[in-house]
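Undergrad: sharing a model that was predicted from the sequence below.
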Amino acid sequence: MKRTITTKIKERGIEGLLLLSALSSVMITLSIVVILFYEALGFFQDISIWEFLTGRQWTPLFAQPKFGILPLVTGTLLVTGIAVIVALPMGLIVAVYLSEYAPFRIKEVAKPILELLAAVPTVVYGYFALLFLTPILQKVITNLSGFNALSPGIIMGIMIIPYVSSVSEDAMKAVPMHIREGSYAMGATKFQTAFKVVIPAAFSGIAAAFIVGISRAIGETMVVAIAAGMMPNLTFNPIEPIQTLTAYIVGVSLGDVPHGTIEYKTIFAAGITLFLMTLLLNILGFWFRKKIREVY
Amino acid sequence: MIPEKLKAEVKGLNFYYNNLQALKDIHLPIANKLITALIGPSGCGKTTYLRCFNRMHDLYPNNRYEGEIILYPERINIIDPRIDPIEVRMRISMVFQKPNPFPKTVFENVAYGLRVRGEHKKWLLDEKVESALKQAALWDEVKDRIDDLAFNLSGGQQQRLCIARALATTPEILLFDEPTSALDPTATSKIEELILQLKKEVTIIIVTHNMQQAARVSDYTAFMYLGEIIEFDKTDKVFTRPSQKLTEEYITGRFG
Amino acid sequence: MQVTAQPEILEMRKRISSNKLRDHIFWIIGLFSTFIGFCLLFTLMIDLFIDGFPRLSWHFFTSYPSRFPEQAGILSAGVGTILVMMVTAATAVPLGIAAGIYLEEYGKKNWLTHLIEINMNNLAGVPSIIYGLLALGLFVYFLKLGESILTGGLTLGLLILPMVVIATRESIRAIPNSIREASYALGASKWQTIKDHIIPYSSGGILTGMIIGLSRAIGETAPIITVGALTFIAFLPSSPVTSGFPFLSFKWLLDPFTVMPIQMFNWISRPQAAFHLNAAAAGIVLLVMTLVMNGFAIYIRYRFRKRIKW
């Protein structure tokens, strides 16, 4: 009788501990939100939101500081745009090939390689962008600046292909075989079946894959910090140097950033902008997926 | 006993999954513009046999055909490896056991086969889609919802949609693989009625585990057991005076 | 004898040829695209190797960074990486496994579980630098842990937590219910079933997730810079092992530090080309570590799948 009671208490206790561990995810999210908002609030007490959102110069460390976030936002969008142009189509093509065409042996080789591609540290990709790709591109585009948006954009695109392809492929694998058979039975080729039947059927999963890819590009730090430059520049020209939101945060953190100074507050302002951008993207993805509900 | 006009003839058909023989030396005539049914217990090879007609087995590895399925009037052997399976599938359509409409609109589902054949003229597609849906006895029910997603139709309607889809390309033979086993009785009888009407326009082979269905619908019936044809004859003869003992036992429900 | 085909058939055959041509072209494009990533990775590795290999030497591994590229080494960075990884693993692994077990074995389909899951999946997509900002505000200043190994390790631990949780959940999910039922039917309690069956049978997958998470953490730079890892450290953190009683010290947790990716970043940022060679050498070390760890994880996953066939 006594043994049963202690065992029961022990079981409940263990369950409680496990629950606390699981709740850590909620607590982390809450902490992120709280810290970002709290520190950003400190920023916006000194700087007007209007100047922040519409100012076209970001020079917070100058004698005459300017706090317009647009150059950093355009920098982020420019590099992300280039990366996305590389990664989304290629990622989808790879996914279609692996899901519909590739024999088992090729899949066994290709999938680990793609995983490794995603596992390479981003500093190494940054090195590659700055010291290998940029010089090569400079031979083709003669007025390409040493720091530019094109080179890190392309490298980031390649870096992101595995994310897009693996999520897309999972979505396509989930499409049941009898749907494909319906198409083949009508005399369609693999190409026709893949693009006219399987992709539409896996659409919401593929949309999710695209969102993952874009998110990853927006949040990337080191490749751009190394190869795109540390100069905020309001432009959409990929051959010029730019600075992204992420690179700015890193750039400032490399120096001394005492608590409460204006530099300290600016990195949180940039951080909350970044956070809201990815949050918006995720919500968009969620809403989008709800609209396209597949009934299987 | 053997039908006068043939659309196809199966001669010495053997089929192997890996090295397991699933069909043994099958000889069967397929009557032109009539309905031939294939009955037999689960696992006897009926579906395997049907899927030879549109080369579905080519989609999966380690399958082997032997023998001939001759298509008339050209007299080509459609299971000859030199014959393109895609061409075979464009001439011989299939309706599957579980309705499998595409995740597209009703219109696009029916138009798909036409698009695959390169047909893009809007007026032609509209015409052929409407005609196919009418043939499938579905037009009245969907004409106001033709741009709705096919998934919103009921099970029975989805299956008729699949039939319309298969008809839109004017196939020479229409294959039915247990088309009503996933449907309720009302939907089932609608589809049986439909199949009876269709035979005026296309040769039909139907595989079914429901004997009464075969008896109601078909002109000729073949009884298959363990990969072999035990008996083939006009339907009423098979069901009233079968010549093989095994057939009689199956029909009277003693097994299967 | 074959009758000549009618014109419709010929038309059909033309269409089929054109369809098949497109099919073939795509097949080539698909194959090419799949392996272009590998080709690029390979080119990168060769480039890195050519530049960095000459720099790799015993001296490189045992020296501190210096103003002179030929004398600079990764000793402090390497040790820093190892110590930070210890804290990261100590944070992410127990927490991650526990959370994964809770979600799979105890979680009911209520709003709370749903909330936890949404958060976990969302966190997997949060940019790593945001974790850096979180750590800066929370660990460095609020909890006053300072710019230390402990902070760095905790930050990375939180970063890879979703990975460990997801890997744990997937491995647990692969265990068929019949095993659980067999255990309960013999009178085992829930925790006993978990301890004796669930955890051992899913350990392969969990281990894989852990290794992949750690290999990701080793390469992470941005959040560590944000919490204030220094880029020029010419000393080692305090040793965890002391000569006097109790032979174990925790002072090192609060020491300043640097890690290898930061060292590489620092060297790339220098204008002198000679430092770039150092960066390449550090890159080789990082790449080899990452690839070995990932390769190992893939191998474990493969072996585990072969051994346990449900």
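TA: Here it is on my side, so go on. Numbers count the residues shown, from 1 in each chain, chains lettered A, B, ... in the order given.
Undergrad: look up the closest residue to A:Phe128, ignoring the ones flanking it.
TA: C:Leu44 (5.0 Å; Cβ to Cβ, 6 or more residues apart in numbering or on different chains). Yep, even glycine has a C-beta here, placed from its N, CA and C like the rest.
Undergrad: so how far is C:Phe53 from the one you found?
TA: 14 Å (Cβ to Cβ, to the nearest Å).
Undergrad: tell me which of those two has more neighbours.
TA: Using other Cβ atoms under 10 Å in any protein chain shown, the more surrounded residue of C:Leu44 and C:Phe53 is C:Leu44, with 22 against 13.
Undergrad: tell me what whichever strand or helix holds the more buried one is packed against?
TA: Using DSSP states H and E, C:Leu44 falls within helix C:7-52. Contacts defined by 3 or more Cβ pairs under 8 Å, 6 or more residues apart in numbering or on different chains; DSSP states H and E place helix C:7-52 against helix A:70-96, helix A:104-119, helix A:122-128, helix A:150-173, helix A:190-193, helix B:85-91, helix C:273-307.
Undergrad: let's see it at 6 Å
TA: Taking 3 or more Cβ pairs under 6 Å, 6 or more residues apart in numbering or on different chains; DSSP states H and E as contact, the helices and strands that helix C:7-52 lies on are helix A:70-96, helix A:104-119, helix A:190-193, helix B:85-91, helix C:273-307.
Undergrad: same list (those helices) but as JSON lines, adding mean pLDDT.
TA: Putting the helices and strands packed on helix C:7-52 into JSON lines (pLDDT from 0 to 100) gives the following:
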{"stretch": "helix A:70-96", "mean pLDDT": "94"}
{"stretch": "helix A:104-119", "mean pLDDT": "88"}
{"stretch": "helix A:190-193", "mean pLDDT": "93"}
{"stretch": "helix B:85-91", "mean pLDDT": "86"}
{"stretch": "helix C:273-307", "mean pLDDT": "86"}
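Undergrad: how about low-confidence regions in the stretch 101-250 of chain B?
TA: The stretch 101-250 of chain B contains no residues with pLDDT under 70.
Undergrad: now do the strands in it.
TA: B:173-177, B:203-207, B:220-225, B:228-234 (DSSP state E, counting those that start in this stretch).
Undergrad: any idea which of those gets closest to chain A?
TA: Proximity to chain A (Cβ to the nearest Cβ) singles out strand B:173-177 among the strands of the stretch 101-250 of chain B, at 8.5 Å.
Undergrad: burial of the closest residue to A:Ala102 other than its chain neighbours, as a residue count?
TA: Closest residue to A:Ala102 apart from its sequence neighbours, by Cβ to Cβ, 6+ apart: A:Ala110 at 6.8 Å. When neighbours are defined as other Cβ under 10 Å, A:Ala110 has 20 of them.
Undergrad: which residues does the residue nearest to A:Leu78 when sequence neighbours are not counted contact?
TA: Leaving aside its chain neighbours, A:Leu78 sits nearest to A:Ala149 (4.9 Å; criterion: Cβ to Cβ, 6+ apart). A:Ala149 is in contact with A:78-79, A:228, A:238, A:242, counting by Cβ atoms under 6 Å, 6 or more residues apart in numbering or on different chains.
Undergrad: and A:Ala149, how far from A:Gly229?
TA: Per Cβ to Cβ, A:Ala149 is found 9 Å from A:Gly229.
Undergrad: I figured A:Pro238 hits A:Leu150, correct?
TA: Yes - using Cβ atoms under 6 Å, A:Pro238 is in contact with A:Leu150, at 4.1 Å.
Undergrad: more neighbours: the two, which one.
TA: Applying other Cβ under 10 Å to A:Pro238 and A:Leu150 shows that A:Leu150 carries more neighbours, namely 23 against 20.
Undergrad: who are the contact partners of that one?
TA: Residues in contact with A:Leu150 (Cβ under 6 Å, 6+ apart) are A:Pro238.
Undergrad: over to B:Arg55?
TA: Contacts of B:Arg55 by Cβ under 6 Å, 6+ apart are B:85, B:88.
Undergrad: how close does it sit to B:Gly227?
TA: In terms of Cβ to Cβ, B:Arg55 sits 19 Å off from B:Gly227.
Undergrad: check C:Arg305 too.
TA: Going from C:Arg305 to B:Gly227 by Cβ to Cβ gives 35 Å.
Undergrad: tell me which of those two has more neighbours.
TA: B:Gly227 (21 against 12).
Undergrad: quick check: phi and psi at the more buried one.
TA: Main-chain torsions, B:Gly227, degrees, to the nearest 10: phi 80, psi 0.
Undergrad: tell me how far it lies from chain A.
TA: 22 Å (Cβ to the nearest Cβ, to the nearest Å).
Undergrad: so that residue sits against B:Ala22, correct?
TA: Yes - counting by Cβ under 6 Å, B:Gly227 does reach B:Ala22; the two are 5.4 Å apart.
Undergrad: overlap in contacts, those two.
TA: Contact criterion Cβ under 6 Å, 6+ apart; residues shared by B:Gly227 and B:Ala22: B:Gly45.
Undergrad: and C:Tyr299, how many neighbours?
TA: 13.
Undergrad: for the stretch 1-150 of chain A, which residues are neighbours of chain C?
TA: Within the stretch 1-150 of chain A, the positions near chain C by Cβ under 6 Å from any Cβ of the partner chain are A:11, A:14-15, A:18-19, A:21-22, A:24-26, A:28-29, A:31-32, A:35, A:39, A:90, A:93-94, A:97, A:101, A:110, A:112-113, A:116-117, A:119, A:121, A:123-124, A:127-128, A:132.
Undergrad: next, C:Lys144: secondary structure please.
TA: Of the three states, C:Lys144 takes coil under DSSP: H, G, I helix; E, B strand; the rest coil.
Undergrad: please tell me how far the closest residue to A:Ala194 other than its chain neighbours sits from C:Thr34.
TA: Counting by Cβ to Cβ, 6+ apart, A:Ala194 lies nearest to A:Glu100, which is 4.6 Å off, once chain neighbours are set aside. Distance, A:Glu100 to C:Thr34, by Cβ to Cβ: 12 Å.
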